[in-house]
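Student: Sequence and predicted structure below; questions after.
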Amino acid sequence: MSDLLDRTWRDAVAAEWMKVRSLRSTWAFLAGGTAATALGALILFMLVSSYDAATPAEQAKYETADPTVVTMPFVMFFVGAIGAMLVTSEYATRSIGPAMLAVPQRRLLLGAKATVAGLVGLGCGALFALLAFADARLLLGDRPKPINPWPQWTDAIPTVLCATVIVLVTCLVAMGVGAVVRSTAAALTIIGALVLVAPIFAHFLPTVWQLRLASILLPNLTPQLAGSDHPYLLSQGGAALVTAAYVLLALAAGAISFTRRDA
């Protein structure tokens, strides 16, 4: 029995991997992540040019030019969309029925989707985080703080690793949300609100509430996990707990919906 389950699991993961590679939307979203990274590099170039033209007194007032602040929320959205499409695309095309016939154990099927979503999030998160870091190193050069957040390249390692983790988490959360709402438009709206709209909305709140809300939003967990300079409220341990809570809540809600509702 265990051998049969192992074989079914491997086949389910292989099938889900084939699906995600065959979806045209996957490549469109990856292109969106690439465009976001290129746009972040352009904005950083303009910022560095402005910094070089400023007086020393003005340069001291510049904020940190961390490319993850501009680039990674959009990367999170595009990569998360791939995770959501692992579920919602099958409901849209009515192929979820045959998938459940092929793999009757719904939890196993959802676990296979979560595995592929995790692999996509990990791979894409690492790729785009490294690209953003490479752009920053190239454009910032040996410029000092405050504009350069990483005077030594090794200083960026925690941020790159934590940015990768947050993209992975976003992809899993998006998959869980997709399993609950079963609609691509609804899932993308929720993920977009979570990683793009909510951080902007938080800035319009009173300072106390701004920090409380902003500290638990996915894009802002990266600096808190990395332990870098930030204005937020969570310790590294607190940020890790919030990150884990995102995954557990989204996957638990997705599993309940996926296993108990009719296809």
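Tutor: Sure thing, it's come through. Keep in mind it's a predicted model, so treat the numbers as computed, not measured.

Student: And the helices in the stretch 151-263 of the chain, which stretches?
Tutor: 157-181, 184-192, 198-202, 207-215, 218-226, 236-260 (DSSP state H, counting those that start in this stretch).

Student: Can you tell me which of those has the worst average pLDDT?
Tutor: Note on the helices of the stretch 151-263 of the chain: lowest mean pLDDT is at helix 207-215, with a mean of 86.

Student: buried residues in that helix?
Tutor: L211, L213, A214, S215 (16 or more other Cβ atoms under 10 Å). From N, CA and C alone the C-beta is placed, and that goes for glycine too.

Student: cool, and stretch 109-128?
Tutor: Under 16+ other Cβ under 10 Å, the buried positions of stretch 109-128 are 109-122, 124-128.

Student: Can you pull up the most central residue in the chain?
Tutor: V167 (2.6 Å; Cα atoms, centre = their mean).

Student: got the contact list for that residue?
Tutor: With contact taken as Cβ atoms under 8 Å, 6 or more residues apart in numbering, V167 is in contact with M72, V75, M76, V79, G80, G121, L122, C124, G125, F128, A129.

Student: Same list, those, but as CSV with distance to T207 please.
Tutor: Compiled in CSV, the contacts of V167 are given as follows (distance: Cβ to Cβ, whole Å):
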residue, distance to T207
M72, 24
V75, 28
M76, 25
V79, 32
G80, 29
G121, 33
L122, 36
C124, 35
G125, 31
F128, 31
A129, 30
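
Student: sorry, back to before: from the buried residues of helix 207-215, which is closest to V177?
Tutor: The closest of the buried residues of helix 207-215 to V177 turns out to be L213 (Cβ to Cβ; 19.2 Å).

Student: Looks like that closest one contacts L205 (just checking).
Tutor: Yes. Counting by Cβ atoms under 8 Å, L213 does reach L205; the two are 6.4 Å apart.

Student: Which of the contacts of V167 sits closest to T184?
Tutor: Minimum distance to T184 across the contacts of V167 is 12.1 Å, recorded for G80 (Cβ to Cβ).

Student: The closest one - nearest residue in space that isn't next to it in sequence?
Tutor: Of all residues not flanking G80 in the chain, A174 sits nearest, at 3.6 Å (Cβ to Cβ, 6 or more residues apart in numbering).

Student: That neighbour touches T88, doesn't it?
Tutor: No. Between A174 and T88 there is no contact, the gap being 9.5 Å when judged by Cβ under 8 Å.

Student: joint contacts of the two?
Tutor: A187.

Student: what about the two, which has more around it?
Tutor: Set side by side, A174 and T88 show more neighbours around A174, with 32 against 26, by other Cβ atoms under 10 Å.

Student: mind checking how far the more buried one is from Y51?
Tutor: 36 Å (Cβ to Cβ, to the nearest Å).

Student: and the longest helix for this protein?
Tutor: helix 106-140 (DSSP state H).

Student: and it, how far from the chain's centre?
Tutor: Here helix 106-140 is found 7 Å from its chain centre; the criterion is Cα atoms, centre = their mean, to the nearest Å.

Student: How about stretch 58-65?
Tutor: Counting by Cα atoms, centre = their mean, stretch 58-65 comes out at 27 Å from the chain centroid.

Student: Ok, stretch 206-226 next?
Tutor: Taking Cα atoms, centre = their mean, the mean C-alpha location of stretch 206-226 is offset from the chain mean by 15 Å.

Student: C-alpha coordinates for it, CSV please?
Tutor: Presented in CSV, the C-alpha positions along stretch 206-226 are these (Å, rounded to 0.1, in the frame of the first residue of the first chain):
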residue,chain,number,x,y,z
PRO,A,206,-2.2,56.8,11.7
THR,A,207,1.4,56.0,12.6
VAL,A,208,0.6,53.4,15.3
TRP,A,209,-1.8,51.5,13.2
GLN,A,210,0.4,51.9,10.1
LEU,A,211,3.2,50.0,11.8
ARG,A,212,1.0,47.4,13.3
LEU,A,213,-0.6,46.5,9.9
ALA,A,214,2.6,47.0,7.8
SER,A,215,4.6,44.7,10.1
ILE,A,216,2.4,41.7,9.3
LEU,A,217,2.1,42.2,5.6
LEU,A,218,4.0,39.7,3.4
PRO,A,219,6.3,42.2,1.5
ASN,A,220,7.4,43.7,4.8
LEU,A,221,8.4,40.4,6.4
THR,A,222,11.6,40.2,4.3
PRO,A,223,13.6,42.8,6.3
GLN,A,224,12.2,41.6,9.6
LEU,A,225,13.2,38.0,8.9
ALA,A,226,16.6,39.2,7.7
